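Participant: Structure of the sequence below:
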Amino acid sequence: MSGNGEGRCWDLCVSKCCRFIITSGFAALFLWLALRTSKPTCSIQDFYVPILNKTDHSAITRNNHSILFDLKLDNEMKEKGVHYDNISLTFFYGPNTSLPIANYTVPGFYQGHGKKARKKLVVEAHGLPWESAFNNVSYGPMSIFRVGLSTKVRFRIVFWYTKRHNLVVEANVEVNESGKKVNKKGIKLKSGSPECGCYLGLSLFSIVLVALL
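Facilitator: Modelled structure (predicted):
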């Protein structure tokens with residue numbers, strides 16, 4: 001009888017431990033999903049360089065050294081907001097990425113979950129070989145500009161913010177003889193390094209899982 005009692009006690013203990021491990025595992029998984037983050041998607045929706053428009057011969061256009069662009073910032077997370085520090089935009093012409101032709105700073109702001117922001121802006125370009133650029137769109141295939149974006153973002157989870165994460169992305173923009181970008185769709189700015197936005201949640205999930213095992 002004593003052996004049967006000890007066996008039942010052991011079975012009950014094992015059963016409770018298994019339930020605890022399973023429950024804790026699901027709790028860790030839900031915690032990881034709740035803390036997982038993804039960086040905003042940045043894209044150039046419109047890009048126009050008036051002086052490269054071959055069909056407009058007006059003096060105003062021929063002396064217009066500005067670049068008009070439409071920047072889109074998309075927070076695809078449904079439960080988390082994003083706070084941007086000041087956003088630095090840098091413009092280059094051709095393969096030379098050591099000497100920028102223009103800079104622009106977008107003031108920092110907060111973006112709610114699932115929200116999109118559009119920034120339609122104008123920047124003045126300097127030091128660009130306009131004659132060469134005009135010849136490229138007139139007699140060659142196109143002129144190529146490069147847009148770089150850098151900022152730091154914090155993610156808002158319920159009532160608190162995470163630490164700052166670097167957001168550094170860039171993309172080439174091809175411009176044709178109309179002075180507009182060749183690609184009709186938005187051009188996504190991409191990073192050369194792997195995404196690390198969900199490391200916080202993944203780390204916590206791994207710690208809890210190892211502790212349970």
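Participant: Which strands or helices does the longest strand seen in the chain pack on?
Facilitator: Counting by DSSP state E, the longest strand found in the chain is strand 143-157. Counting contacts by 3 or more C-beta pairs under 8 Å, 6 or more residues apart in numbering; DSSP states H and E, strand 143-157 packs against strand 41-48, strand 66-74, strand 81-84, strand 87-93, helix 130-139, strand 165-175. (Each C-beta comes from the backbone N, C-alpha and C, glycine too.)
Participant: And the next helix or strand past the longest one?
Facilitator: Using DSSP states H and E, the helix or strand that follows strand 165-175 in sequence is strand 187-188.
Participant: Which strands or helices does that following strand pack on?
Facilitator: When contacts are defined as 3+ C-beta pairs under 8 Å, 6+ apart, strand 187-188 packs onto strand 41-48, strand 165-175.
Participant: Run the chain-centre distance for it.
Facilitator: Offset of strand 187-188 from its chain centre (C-alpha atoms, centre = their mean, to the nearest Å): 10 Å.
Participant: Domain map for the protein?
Facilitator: As assigned by automatic domain parsing, the chain contains the domains 2-34+204-212, 39-195.
Participant: for the record, mean pLDDT for the last one?
Facilitator: Which is domain 39-195. For domain 39-195, the mean pLDDT works out to 93.
Participant: before we move on, what about the shortest one?
Facilitator: For domain 2-34+204-212, the mean per-residue pLDDT is 57.
Participant: one step back: can you put the helices and strands packed on strand 143-157 in CSV and add mean neighbour count?
Facilitator: Formatted as CSV, the helices and strands packed on strand 143-157 follow (neighbours: other C-beta atoms under 10 Å):
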stretch, mean neighbour count
strand 41-48, 18
strand 66-74, 20
strand 81-84, 20
strand 87-93, 20
helix 130-139, 15
strand 165-175, 18
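Participant: Could you report the neighbour count for residue 152?
Facilitator: 16 (other C-beta atoms under 10 Å).
Participant: residues in contact with it?
Facilitator: 84-85, 164-167 (C-beta atoms under 8 Å, 6 or more residues apart in numbering).
Participant: before we move on, what about residue 68?
Facilitator: Residue 68 sits in contact with 46-50, 120-122, where contact means C-beta under 8 Å, 6+ apart.
Participant: Good, wrapping up.
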